[in-house]
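Task: produce atomic coordinates for the following.
(chains A and B)
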Protein chains: 2
Amino acid sequence: MENFNVTAYEVKGTVDYEKLEGKFGIMPLDRRLQERMEAIAGENHFMIRRGIYFAQRELGWLLDQYEKGNGFYVYTGIAPSGRMTVAHLLPFMMAQWLQEKFDADVYIQIPDEEKFLIKNDPKITLEGINKLAHEDALDIAALGFNPKKTKIYLNTENAGTIYKQAVRVAKRITFSTIKDAFGFTNETNIGALFYTSTQAVGTFIKSVEEGRNIPCLIPLGVDQDVHFRVARDVVEKLGYYKPAIMHSRFLPGLRGEPKMSSSDENGAIYLSDRKEEVERKVNRALTGQQSTAELQRKYGGDPDKCSVCQYYKYLFEPDDAALEKIFAAERGGSMLAGEHKKALSARINKFLEKHRAERERVEGHIDDFMMKA
Amino acid sequence: MENFNVTAYEVKGTVDYEKLEGKFGIMPLDRRLQERMEAIAGENHFMIRRGIYFAQRELGWLLDQYEKGNGFYVYTGIAPSGRMTVAHLLPFMMAQWLQEKFDADVYIQIPDEEKFLIKNDPKITLEGINKLAHEDALDIAALGFNPKKTKIYLNTENAGTIYKQAVRVAKRITFSTIKDAFGFTNETNIGALFYTSTQAVGTFIKSVEEGRNIPCLIPLGVDQDVHFRVARDVVEKLGYYKPAIMHSRFLPGLRGEPKMSSSDENGAIYLSDRKEEVERKVNRALTGQQSTAELQRKYGGDPDKCSVCQYYKYLFEPDDAALEKIFAAERGGSMLAGEHKKALSARINKFLEKHRAERERVEGHIDDFMMKA
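Numbers count the residues shown, from 1 in each chain, chains lettered A, B, ... in the order given. This is a model prediction of the structure:
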């Protein structure tokens, strides 16, 4: 028995990311690949050099394609079930960076039926998710995407484009295959069974649109890899390239949960959280510090176990030297929890204020980012 | 063991329609119901009075609704896999009659993914079926539908409307349920598993469009009942009326097969068959006649076992007195096979010529019949 579990619909226990590589058959995003990306991009994204994006599939091949002048496009997404949290930023910030540095088009799937089909919660309605999906589109667009090179689409509203392609995928996936892969049972509903085929469509949708085979790179949380483990062979049989993938770790919950959950009101920071909410939540965050200020000053804390340090590392301090200073202060015991949390709250609030200003700015022309139905 | 089998995807053996009623839990379309329909329509459709439409669900309730002034709409469809045959006319001729006599809107689903998902035949492509689907739309429109009261839709092209509603159905149907109902296995693909939820959508699509609950009547071949056995409770849970259904027998194949199959080139008459093809095929038809002309003259034949007689009964001789004359001639031995077949060929060709003229006429304004994507 493993003491952790990562499926598309559940993350439990303390995730051993190295073990996950073996289990999923994915490869490290190693120094050599990082250097190749850096040579093209002119910089190494902090999430990559810090191992937050820790694994990959076919990334070397993708860079070969890029260097040959074939280019690639980026595909990622979010399944709405509540308001967007800062954890949801990871794939989108990476996608935006890839767009900017590799001149890549970005396709963003918002499967506004997935959680409705997967979750057994009568409060989750299609209408409710659809509203959230449109809120998500604003939050995503606000992250600096180029509207000329970005297509956000909703599975229900863009089904006229997606469904037919999903059918092509679905024909080649049996119940047996996904039963094991997703932990489904005979009592799983047929919509949930079908769903993964719509997620696969993004890996070749641009190839369909343009009538030629275009490489695809997917930045995603590692729990989503299963969709493409199932689909990659199918996609190839349909005549398209297998997608390349970059896998990220999970942003931990504020109180040390292995993955921030948008349904955990107090463990998650929402993009819509106001100043006081952020302060209140960060104040209750788990730190790696000793039980008293005295002990902390004497022995110091452990940044790896400190949510506050981790939030800087994952999202809020891109500068390595500045991050090391924060980590050193935690380790050395010079920074006490209260001060530490106050500084992070301020940093997060600064980010969220800027984000919401951008969000307002894109609201007037959000249609420029959306795929035409 | 039954010596026949009727599922959505296979009809084998000599179908015992009475046994089917018990098996499917459907009720006879009895004299009382026929009289109620006749009182409204001003006539009893020959397919009803001859027991070709032999069974029903909820038809009494539907007529109550109609008499209360609530009206109803008609839903039927065809899954393209080849050219349309005369057997495919049964639901559409009934739908057209219901439109005319009950002032009913008609919704026609052309699920242009179903056979692609169900059949394991590499020659069946989505592109190929899509072409057939548009051919089918012409053949259907040519049957006299009122374009102002008719909406034909393709599952792939109208997925923008259908998919979201199918998701609502799919959430309430488990793999266990459809595995048994459709004879699926763990190796069935997830598209085939999902498909039935799209077929269910037609039972409430008009209610969704108009934002009120509208009764629905489905004329269908009895093999399609299973889709609605599965869906009727789901549809009710979604807040819509269970559909009423009228079940037809199968038009036999020309050579006595229990159901004309569009993939049996010689046993089927296609709407596109030219004069000589019809003559050639009808010439090879099974009749209920004796082995020699002499014996036939002496003992006579059996109209119930005679495909030629059955084709008059099901489709090509709406007049009961004229039909009885044909049956009497067969029984009495006065009409020999050659003459009998020649007369049927002529009748079919007359029908097909008129049909093709109508088909050409509607081709110019087929869009008037199609649901907007």
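
What number of residues are in the vicinity of the residue of the stretch 251-373 of chain A found nearest chain B?
Nearest residue of the stretch 251-373 of chain A to chain B (CB to the nearest CB) works out as A:A373 at 5.9 Å. For glycine as for every other residue, the C-beta is placed from the backbone atoms N, C-alpha and C. Residues within reach of A:A373, counting by other CB atoms under 10 Å in any protein chain shown, total 13.

On the three-state scheme, it is what?
A:A373 carries the three-state label coil when classified by DSSP: H, G, I helix; E, B strand; the rest coil.

Repeat that for A:M260.
Classified using three-state DSSP, A:M260 is coil.

Over to it: give its phi and psi.
Per-residue torsions, A:M260: phi -60, psi 130 (degrees, to the nearest 10).

Skipping adjacent residues, who's closest to it in space?
Nearest residue to A:M260 in three dimensions, chain neighbours excluded: A:A87, at 3.9 Å (CB to CB, 6 or more residues apart in numbering or on different chains).

Could you do A:E113 as well?
B:V167 is the one closest to A:E113 (CB to CB, 6+ apart), at 4.6 Å.

can you tell me the helix or strand for that neighbour?
Counting by DSSP states H and E, the element that carries B:V167 is helix B:159-170.

if you average pLDDT over that helix, what comes out?
Averaged over helix B:159-170, pLDDT sits at 98.

and A:H88, how far is that from B:S197?
29 Å (CB to CB, to the nearest Å).

what about these two, which has more around it?
Neighbours were counted for A:H88 and for B:S197 using other CB under 10 Å; B:S197 has more, 28 against 23.

The host helix or strand of the more buried one and chain A in contact?
Assigned by DSSP H and E, B:S197 falls within helix B:190-201. Yes. Helix B:190-201 lies within reach of chain A by CB under 8 Å from any CB of the partner chain, at B:190-194, B:196-197.

Which residue ranges of the stretch 101-250 of chain A form strands?
For the stretch 101-250 of chain A, strands defined by DSSP state E, counting those that start in this stretch occupy the ranges A:106-110, A:150-154, A:216-221, A:244-248.

what residues does chain A put near chain B?
Within chain A, the residues that sit near chain B (CB under 8 Å from any CB) are A:113, A:116-117, A:126, A:155-160, A:162-164, A:166-176, A:178-179, A:184-194, A:196-197, A:373.

at 7 Å what do you get?
Within reach of chain B by CB under 7 Å from any CB of the partner chain, chain A has these residues: A:113, A:116-117, A:126, A:156, A:159-160, A:163-164, A:167-168, A:170-176, A:178, A:186-191, A:193-194, A:197, A:373.

can you pull the pLDDT of the closest residue to A:D304 other than its chain neighbours?
Closest residue to A:D304 apart from its sequence neighbours, by CB to CB, 6+ apart: A:G288 at 6.8 Å. Listed pLDDT for A:G288 reads 78.

Would you mind giving the secondary structure of A:G288?
Secondary structure state of A:G288, per three-state DSSP, is coil.

Same check on A:A87?
Three-state assignment for A:A87 (three-state DSSP): helix.

Pull the number of nearby residues for it.
21.

go on, the one 4 residues further on?
When neighbours are defined as other CB under 10 Å, A:P91 has 25 of them.

Now the helix or strand it falls within - C-alpha only, PDB.
In this assignment (DSSP H and E), A:P91 forms part of helix A:89-102. Written as PDB, here are the backbone C-alpha positions of helix A:89-102 (Å, rounded to 0.1, in the frame of the first residue of the first chain):
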ATOM      1  CA  LEU A  89      -2.700  29.800 -11.700                       C
ATOM      2  CA  LEU A  90       0.100  27.300 -12.200                       C
ATOM      3  CA  PRO A  91      -0.900  26.000 -15.600                       C
ATOM      4  CA  PHE A  92      -2.100  29.300 -16.900                       C
ATOM      5  CA  MET A  93       0.900  31.300 -15.800                       C
ATOM      6  CA  MET A  94       3.100  28.700 -17.600                       C
ATOM      7  CA  ALA A  95       0.900  28.700 -20.700                       C
ATOM      8  CA  GLN A  96       1.100  32.500 -20.800                       C
ATOM      9  CA  TRP A  97       4.900  32.400 -20.500                       C
ATOM     10  CA  LEU A  98       5.100  29.800 -23.200                       C
ATOM     11  CA  GLN A  99       2.900  31.900 -25.400                       C
ATOM     12  CA  GLU A 100       5.100  34.900 -24.900                       C
ATOM     13  CA  LYS A 101       8.500  33.200 -25.200                       C
ATOM     14  CA  PHE A 102       7.700  30.500 -27.900                       C
END
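
after the lowest-mean-pLDDT helix or strand in chain A comes which helix or strand?
Taking mean pLDDT, DSSP states H and E as the measure, the helix or strand of chain A with the lowest value is helix A:293-299, at a mean of 85. Beyond helix A:293-299 on the C-terminal side, the first helix or strand identified by DSSP H and E is helix A:307-311.
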